[in-house]
Every structure is written in C-alpha cells, then in structure tokens.
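> After the sequence you'll find the predicted model.
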Amino acid sequence: MRILVAEDDPRLLVQLGDALQAAGYAVDLADQGTNAEHLGSTTAPDAVVLDLGLPGRDGLSVLRHWRAQGLQMPVLILTARGSWQDKVHGIDAGADDYLAKPFQMEELLARLRALLRRSAGQANPVITVGPVALDTRACSLQVDGRPVDLTGHEYRLLNALMHRTGTVLSRTELAERLYDQDSERDSNTIDVFIARLRRKLPEGFITTVRGMGFRVGAP
Ligand code: CA
C-alpha cells in the first residue's frame, strides 16, 4: 500500500515516514502544500496523512482540490490540538478521519489501517482468502493455519493483491505499491517477487492474467 504524508515539521515528517515504512507501506513525503497536491494527484496513494497547516498551499485547499478532481483515497488529517474548527472544516472538505497533535504513532497507524480496510471494503484486520490469512496488524501470513515468513517486499505485494481480491493489478500498479518515490521502479522485478510468493502460497493462489497483470481470488 502506498501512503502520502504531507507535514511541514521536518522532525515529525521523518518520524511518520520511518514509522510507516517500518509498518510495511511505500511512502511518499511532502513538506509543503503544492508538492503534496501534486503527489496526491499523480502517485495514486492508497491513503494520505495530511497536516492542515502547510506552507505553499494549506491542507484544506489541497484536500478540496483532490475531492473536486474526483480523487477518493481516504485522508487522515492532522489538526492543532483542541481546534474543533479545524476538525469540522477538515471533515467538510472531505477528510475521513482526524488526529490532534501531539498523537501516539500507534494510534495513527491503527486509524490508517482502519481507513485502508474500510476503503477496500474489509472490516477485519485479517484478510482471509481460502486457506490464506494475511494479518495487516502484525504484517504476518498464515497458510492453512501455519505461519509463513515474508520479506517486506513480498508482504507489500501480497497485501496489495489481497486488499483488491478479485481485481487484476498491473505490474505498474504493483510497482507503485512496492517502491518509494526515490527508489527505481522496475516493474520487471514484480515477476521475480511474484515467483517467490508463489513458492510460499497454495498452487494457483495468484493468477497471471496474460497481458494485464496478476489477481488473487475469483474475478
Ligand atoms: Ca504544520
């Protein structure tokens, strides 16, 4: 899953980026509003963490712009402590949830997981398809009730496919969920990771759809 974080406090931005990467997400970082707006429109994030007080263009107008463009990704806004006006304006502008600063990183991660599940139509933090159960809290996999080790890349890839069970994801879409903005995105490596994942999963669990990409589950 790919998360965009827009925050102008450099320390908090780094903390957020590190915590999200450690939790298995591909992360894009923006420290001002214009850049955040551009990244939100061009990198197809699965969710956004958006500070409202941003230089360049404030978070509220960035959010209104995305929603006016028809972008539907869940947005968690960061508001100043005790500012109920910020929360009201944020939710009116199309935010899905908010957190007041300062916040516990664990709470932010939990709220983000809930937003991602809701937007994927999944109410449960464990996504189960047949004998395969992916725990999005613990970033762990079980097949037939037995734990199976995954590398970070394998987890991100399987998470992307299982959040969109029944949908074909192209190599490009998968690469966007696998790599951060600064790393080289080579969609050929997707086939390598898919091959490794297949060795850990029941036969036929990941379907190759010729000329289009890969799918988990029935269409
Ligand atoms: Ca700020």
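Done, it's in.

> Can you pull the residues of the chain lying near the ion?
Taking CB under 5 Å from the ion, the part of the chain that reaches the ion is made up of 8, 51, 53. In this view, the C-beta of every residue, glycine as well, is placed from N, C-alpha and C.

> Distance of the residue in the chain that the ion sits nearest to relative to Tyr98?
Closest to the ion within the chain is Gly53: 3.5 Å, counting by CB to the ion. Distance, Gly53 to Tyr98, using CB to CB, to the nearest Å: 13 Å.

> Could you point out the longest helix of this structure?
Longest helix in the chain by number of residues, with DSSP state H as the criterion: helix 105-119.

> And the strands in the protein?
Secondary structure of the chain by DSSP state E: the strands cover 2-6, 26-30, 47-51, 75-79, 97-100, 126-129, 132-135, 140-143, 146-148, 206-209, 213-216.

> Mind listing residues that contact the fifth one?
For strand 97-100, the external contacting residues (CB atoms under 8 Å, 6 or more residues apart in numbering) are 74, 76-83, 86-87, 90-91, 107-108, 111, 114-115.

> I figured Gly17 hits Ala26, correct?
No: when contacts are counted by CB atoms under 8 Å, Gly17 is not listed as touching Ala26 (10.8 Å).

> higher neighbour count, those two?
More neighbours sit around Ala26 than around the other of Gly17 and Ala26, counting by other CB atoms under 10 Å; the figures are 25 against 18.

> Tell me who's in contact with Phe214.
Counting by CB under 8 Å, 6+ apart, Phe214 touches 161, 168-169, 174, 190, 194, 206-208.

> try Val132
Listed by CB under 8 Å, 6+ apart, the contact partners of Val132 are 141-143, 162, 201-202, 205.

> Save these as JSON lines, and put in neighbour count, distance to Gln21 and pLDDT too.
Supplementary listing: the contacts of Val132 in JSON lines, determined by neighbours: other CB atoms under 10 Å; distance: CB to CB, whole Å; pLDDT from 0 to 100:
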{"residue": "Leu141", "neighbour count": "22", "distance to Gln21": "19", "pLDDT": "96"}
{"residue": "Gln142", "neighbour count": "15", "distance to Gln21": "24", "pLDDT": "96"}
{"residue": "Val143", "neighbour count": "16", "distance to Gln21": "26", "pLDDT": "96"}
{"residue": "Met162", "neighbour count": "22", "distance to Gln21": "20", "pLDDT": "93"}
{"residue": "Leu201", "neighbour count": "20", "distance to Gln21": "24", "pLDDT": "97"}
{"residue": "Pro202", "neighbour count": "13", "distance to Gln21": "29", "pLDDT": "95"}
{"residue": "Phe205", "neighbour count": "19", "distance to Gln21": "27", "pLDDT": "96"}
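
> what's the domain layout of this structure?
According to automatic domain parsing, the chain is divided into the following domains: 2-119, 126-216.

> which residues of the protein fall in helices?
With DSSP H as the definition, the chain shows helices at residue ranges 10-22, 33-42, 59-68, 84-92, 105-119, 152-163, 171-178, 189-200.

> Just give me the neighbour total for Met1.
22.

> before we move on, what about the one 4 residues further on?
Neighbour count for Val5, taken as other CB under 10 Å: 28.

> For beta bridges, what are the partners of it?
Leu29, Val49 (DSSP bridges).

> Is Gly40 in contact with Leu71, as I believe?
Yes: at 6.7 Å, Gly40 and Leu71 qualify as touching, with contact defined as CB under 8 Å.
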